[in-house]
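**Student:** How does the following fold in three dimensions:
(2 chains)
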Protein chains: 2
Amino acid sequence: MFRIGIDIGGTGIQVGVVDGRGTIIAEESIPTRKDLPFPTQVAQIAQCARAAIAAAGLTEDDIESVGIGIPGIGGRNGEIIKCTNMDWNHVPFGAEFAKHMNKPVHIANDADVAALAESVAGVSAGTSSSVFITIGTGIGSGIILNGKIWNGAHGIGGELGHVIMRLDGVPCTCGNNGCLERYCSATALIRMGLEAAEKHPGSLIVQMVEGNLSAIKAKTIIDAARENDPVALEVYQTYISYLSQAVASVVNFLDPEVIVLGGGVSNAGDFLLDAVKAEYPKHVIFRDQPMADIRIAVLGSRAGIIGASMLS
Amino acid sequence: MFRIGIDIGGTGIQVGVVDGRGTIIAEESIPTRKDLPFPTQVAQIAQCARAAIAAAGLTEDDIESVGIGIPGIGGRNGEIIKCTNMDWNHVPFGAEFAKHMNKPVHIANDADVAALAESVAGVSAGTSSSVFITIGTGIGSGIILNGKIWNGAHGIGGELGHVIMRLDGVPCTCGNNGCLERYCSATALIRMGLEAAEKHPGSLIVQMVEGNLSAIKAKTIIDAARENDPVALEVYQTYISYLSQAVASVVNFLDPEVIVLGGGVSNAGDFLLDAVKAEYPKHVIFRDQPMADIRIAVLGSRAGIIGASMLS
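**Tutor:** Model prediction:
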């Protein structure tokens, strides 16, 4: 049997047909259009799903269910409570989708969906509890406990990025101060790198962007740190300390079997992983006990489709 | 049927016989003696349990199981991995106890046990997920998910007090800096009150302790704030802001149905509860959605015995 997984992204909506082993066998996409009326948006998504089914050489009868991962909050009975990418607030997605394709529809937050994908078909496969942390513009997270997504009693949990990490700290887009994502995201690394580059115009960071500081990316700082540039190294070590303290906070509070690091910054691979693994146990209270293994996500952007297809 | 609940405290060990409704029907205690050999410690606890059974007018045949709450880490098959009060490290408590009384023995962390007690027979009864936060010298916490204690994949979770709340902040007893309990415990409130009292000798705080600043307790500051002393009020409002941000962090990450506040500071009752309820939603990312109800614990020190008896 096959399932449909839908990933509502900021610029595009990816729809895939996924087999029983978590492999995407066909994929189609359409641009994200928040300006269209809700029924048209859903009709286009359903049309895209039909195209993916056809591309897989299947018919609708071969499809067991449809799962959808959204940047926002899923609800019950096919309702989507909030999805900023599409300007959806309390929309009856399931009921509208059923007009086009009569399949059970399951909805979840996109970080939760990615966490599920990694825990079933990715780097945390075979574990019963894991926390997936996606490190990009912000920090997203998904919690898997006893093999299932835990997104809270009201569906608003899993927002590790908005745990307070520095009281009265850097203002956050959410309206608060000192949120964890202001210290652990790619955006945070870039902010720290930019400050250091302004102070040290001779740094390799500045060289790498040919003096155009607004071109500094997380990768610029990571690459300069790999080259042992002292300015970049200091920034990177501070960033690793912050990220490790975030990981240790998750361990101290939730103690999952595995913590998975995903998102853009995780492309640094072992350079990131080895540093976090060495640093984070120092911040764990029971540091003489066995504790979470840290791993880099392996499914990348496919996690959205794969995890959505696994929703039930 | 009846069960035995044992609470290993810093100065005394409380043993109670608990009925099926979570009511303690008889209770005995002995002093905590970390200097005695392990077999003697266990023999004294078993003796105390027998005395409680007799005081309840029961026999050992009426007892279904024995539960024990420890400040530390429980293990599997009756092992206690760590219990600082008793100087226990990897001791076979269950096997030793069985020499005196042949009942199933269950072991858990004392904050987890209190969380369980409140969720079954206390203020969070009838809920499926809750986080219990005990606010005393430090901050302890227990997590209940789907009606069961969640203490992690390695038994080291539930330590909300050691989530990092201010990067590079106040040094903590655990060896790290900026742990949540350094900003949200009674100790933190006292530290802030003392600093304010030193700066403002005319404050009601100073009057209440007759100039003896070392006599300032959390209750002193709370009582002075209730009397609208401006110095105490400012300290209290800062403390409420910190505690509310801790509560919001729990909501953002775990989103339980209910958060229960216990421990010494929770004796402030509605004066604490109303302030936290008004403040914490401001720090929740999805603040326009339904979110956790906040309640004051009702079982007090009895939670240790009651919750231990409920372990299975």
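**Student:** need the next SSE after the lowest-mean-pLDDT helix or strand in chain A, C-terminal direction.
**Tutor:** Every helix and strand in chain A was compared by mean pLDDT, DSSP states H and E; the lowest is strand A:72-74, with a mean of 92. Downstream of strand A:72-74, the first helix or strand assigned by DSSP states H and E is strand A:80-83.
**Student:** Just the mean pLDDT for the next helix or strand along the chain from that following strand, thanks.
**Tutor:** As assigned by DSSP H and E, the chain's next helix or strand after strand A:80-83 is strand A:88-91. Strand A:88-91 carries an average pLDDT of 95.
**Student:** For strand A:88-91, name the packing helices and strands.
**Tutor:** strand A:80-83 (3 or more Cβ pairs under 8 Å, 6 or more residues apart in numbering or on different chains; DSSP states H and E). C-beta coordinates here come from the backbone N, C-alpha and C atoms, glycine included.
**Student:** do the strand it packs on and chain B meet?
**Tutor:** Yes. With Cβ under 8 Å from any Cβ of the partner chain as the criterion, chain B is reached by strand A:80-83 at A:Ile81, A:Lys82.
**Student:** Can you pull the residues of the stretch 201-312 of chain A lying near chain B?
**Tutor:** A:242, A:245-246, A:248-249, A:251-257, A:282-286, A:289-292.
**Student:** Can I get the buried part of the residues you listed as one ChimeraX selection?
**Tutor:** Buried subset of these, written as a ChimeraX selection, criterion 16 or more other Cβ atoms under 10 Å in any protein chain shown:
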select /A:242,245,246,248,249,251,252,253,254,255,256,257,283,284,285,286,289,291,292
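**Student:** Among the residues of the stretch 201-312 of chain A next to chain B, name the ones in helices.
**Tutor:** A:Tyr242, A:Gln245, A:Ala246, A:Ala248, A:Ser249, A:Val251, A:Asn252, A:Phe253 (DSSP state H).
**Student:** Columns pLDDT on top of those residues, output as JSON lines?
**Tutor:** Formatted as JSON lines, those follow (pLDDT from 0 to 100):
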{"residue": "A:Tyr242", "pLDDT": "98"}
{"residue": "A:Gln245", "pLDDT": "98"}
{"residue": "A:Ala246", "pLDDT": "98"}
{"residue": "A:Ala248", "pLDDT": "98"}
{"residue": "A:Ser249", "pLDDT": "98"}
{"residue": "A:Val251", "pLDDT": "98"}
{"residue": "A:Asn252", "pLDDT": "98"}
{"residue": "A:Phe253", "pLDDT": "98"}
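**Student:** wait, which of these is closest to A:Gly155?
**Tutor:** A:Phe253 (19.6 Å; Cβ to Cβ).
**Student:** Can you name the residue of the stretch 1-150 of chain A nearest chain B?
**Tutor:** A:Ser129 (5.0 Å; Cβ to the nearest Cβ).
**Student:** Kindly apply the preceding question to the stretch 51-200 of chain A instead.
**Tutor:** For the stretch 51-200 of chain A, Cβ to the nearest Cβ, closest residue to chain B: A:Gly152, 2.4 Å.
**Student:** Pop out the phi and psi values for that residue.
**Tutor:** Backbone torsions of A:Gly152, given as degrees, to the nearest 10, read phi 100, psi 170.
**Student:** Can you name the residues that contact it?
**Tutor:** When contacts are counted by Cβ atoms under 8 Å, 6 or more residues apart in numbering or on different chains, A:Gly152 touches A:Gly158, B:Ser129, B:Leu254, B:Asp255, B:Pro256.
**Student:** same thing with A:Gly94?
**Tutor:** A:Asn77, A:Gly78, A:Glu79, A:Val105, A:Ile107.
**Student:** Let's have these in CSV, adding distance to A:Gly122 and neighbour count.
**Tutor:** As requested, the contacts of A:Gly94 are exported to CSV (distance: Cβ to Cβ, whole Å; neighbours: other Cβ atoms under 10 Å in any protein chain shown):
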residue, distance to A:Gly122, neighbour count
A:Asn77, 29, 9
A:Gly78, 27, 20
A:Glu79, 28, 16
A:Val105, 24, 22
A:Ile107, 21, 28
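**Student:** With pLDDT as added columns, please give these in JSON lines.
**Tutor:** Converted to JSON lines, those look like this (pLDDT from 0 to 100):
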{"residue": "A:Asn77", "pLDDT": "88"}
{"residue": "A:Gly78", "pLDDT": "92"}
{"residue": "A:Glu79", "pLDDT": "94"}
{"residue": "A:Val105", "pLDDT": "96"}
{"residue": "A:Ile107", "pLDDT": "97"}
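**Student:** and which of those is nearest A:Glu28?
**Tutor:** The closest of the contacts of A:Gly94, once distances to A:Glu28 are taken by Cβ to Cβ, is A:Val105, at 17.7 Å.
**Student:** nearest residue to that closest one other than its sequence neighbours?
**Tutor:** A:Gly94 (4.1 Å; Cβ to Cβ, 6 or more residues apart in numbering or on different chains).
**Student:** Is that neighbour located within a helix, as I assumed?
**Tutor:** Yes. Per DSSP: H, G, I helix; E, B strand; the rest coil, A:Gly94 lies within a helix segment.
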